[in-house]
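1. this one's sequence-less:
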Ligand SMILES: N[C@@H](CCC[C@H](N)C(=O)O)C(=O)O
């Protein structure tokens, strides 16, 4: 028997998501179902999917239920699982507000990258405590076609390689993932950011995301870029006690990132619910058959 399944569509700086509210974790969403829902021609369309589940109802989040009522079960557009999604967690919070589960102010969201603190401001922007960046040692290079660049290895819960380039167009069409060396540097894949300077503490980036391709924005990527740029600029808040704030332009808008002296990174940006509707479970079953 077919049933109607509720979904919403949202975005944060044009990193767009299919949102599937499923508080009791009753839906079966294997990778192929996620890929079908995120398909831009034959499905609903999105860079990724936000499965909204009560932490207590999800085996991966039960241990965080005392701290955070809701779990962001994030999936990339190809159906793969990722540890964290910075734009996604802002849109997730906006959904919880839209649905009346929370009001503006502070809330905690469980993610595979741990519990994140989120602040929904009166002015509409959402700020997320993204945790600390890890900067694993080791030289990495990324390349597109004939061009190659040294890249900074930054882990924001998920892996990033940040390359400073002379011109964002040098990254090419980014239809295929950029290559990296050494080949085994990222056994689980990597998100690659290309960065140019725009002014003092102001950069612009493009990103090729693991599991989604080139997207209009990546929140964890923007945090990785801010930290890599700060170190390149000789700024280390943990050493100086002075926070470092960077404005990061992405193709879909602007994010503001602050690294505090305790190493915690805060990201502020918009989060928008665009539409809501229902799809027929029979359609999805047909696609999966
Ligand atoms: N767009 C996201 C990152 C989503 C996960 C990433 N593709 C990965 O596989 O690590 C963001 O806003 O952070």
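-> Looks like it came in fine. Quick caveat: nothing in here was measured; it's all calculated off a predicted structure. Numbering: from 1, shown residues only.
2. need the contact list for the spatially most central residue of the chain.
-> Nearest to the geometric centre of the chain sits residue 85, at 2.6 Å (Cα atoms, centre = their mean). Taking Cβ atoms under 8 Å, 6 or more residues apart in numbering, we find residue 85 in contact with 15, 48, 50, 72, 74, 111, 219-220. All C-beta atoms are positioned from the backbone trio N, CA, C, and that covers glycine.
3. pLDDT score for it?
-> Looking at residue 85, its pLDDT stands at 98.
4. same deal with residue 137?
-> The model reports residue 137 with a pLDDT of 89.
5. which one is it nearest to, not counting chain neighbours?
-> Nearest non-adjacent residue to residue 137, counting by Cβ to Cβ, 6 or more residues apart in numbering: residue 153, 7.9 Å away.
6. please apply the same query to residue 257.
-> Excluding the flanking residues, the one nearest residue 257 by Cβ to Cβ, 6+ apart is residue 226, at 3.8 Å.
7. ditto for residue 141
-> For residue 141, the spatially nearest residue (Cβ to Cβ, 6+ apart) is residue 181, at 4.7 Å.
8. phi, psi of the one you found?
-> Per-residue torsions, residue 181: phi -140, psi 140 (degrees, to the nearest 10).
9. burial count for it?
-> A count of neighbours around residue 181, defined by other Cβ atoms under 10 Å, yields 13.
10. same check on the one 3 residues further on?
-> As a burial measure, residue 184 scores 7 neighbours (other Cβ under 10 Å).
11. confirm it sits in a helix?
-> Yes - the assignment for residue 184 is a helix, going by DSSP: H, G, I helix; E, B strand; the rest coil.
12. distance of it from residue 151?
-> Distance of residue 184 to residue 151, given as Cβ to Cβ, to the nearest Å: 15 Å.
13. can you put the contacts of residue 85 in JSON lines and add neighbour count and secondary structure?
-> JSON lines is the format used below for the contacts of residue 85 (neighbours: other Cβ atoms under 10 Å; DSSP: H, G, I helix; E, B strand; the rest coil):
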{"residue": "15", "neighbour count": "31", "secondary structure": "strand"}
{"residue": "48", "neighbour count": "26", "secondary structure": "strand"}
{"residue": "50", "neighbour count": "24", "secondary structure": "strand"}
{"residue": "72", "neighbour count": "26", "secondary structure": "strand"}
{"residue": "74", "neighbour count": "22", "secondary structure": "strand"}
{"residue": "111", "neighbour count": "27", "secondary structure": "strand"}
{"residue": "219", "neighbour count": "27", "secondary structure": "helix"}
{"residue": "220", "neighbour count": "32", "secondary structure": "helix"}
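14. return only those of these found close to the ligand.
-> When the contacts of residue 85 are filtered against the ligand using Cβ under 6 Å from any ligand atom, the residues retained are 15, 48, 219-220.
15. show me what from this protein comes close to the ligand.
-> 15, 48, 76, 82, 85-88, 158, 191, 209-212, 215, 218-221.
16. now, the residues you listed that are in strands?
-> Among these, DSSP state E puts 15, 48, 76, 191, 209, 215 in strands.
17. go through these and say which is closest to the ligand.
-> Checking these against the ligand by Cβ to the nearest ligand atom gives residue 209 as the nearest, at 3.7 Å.
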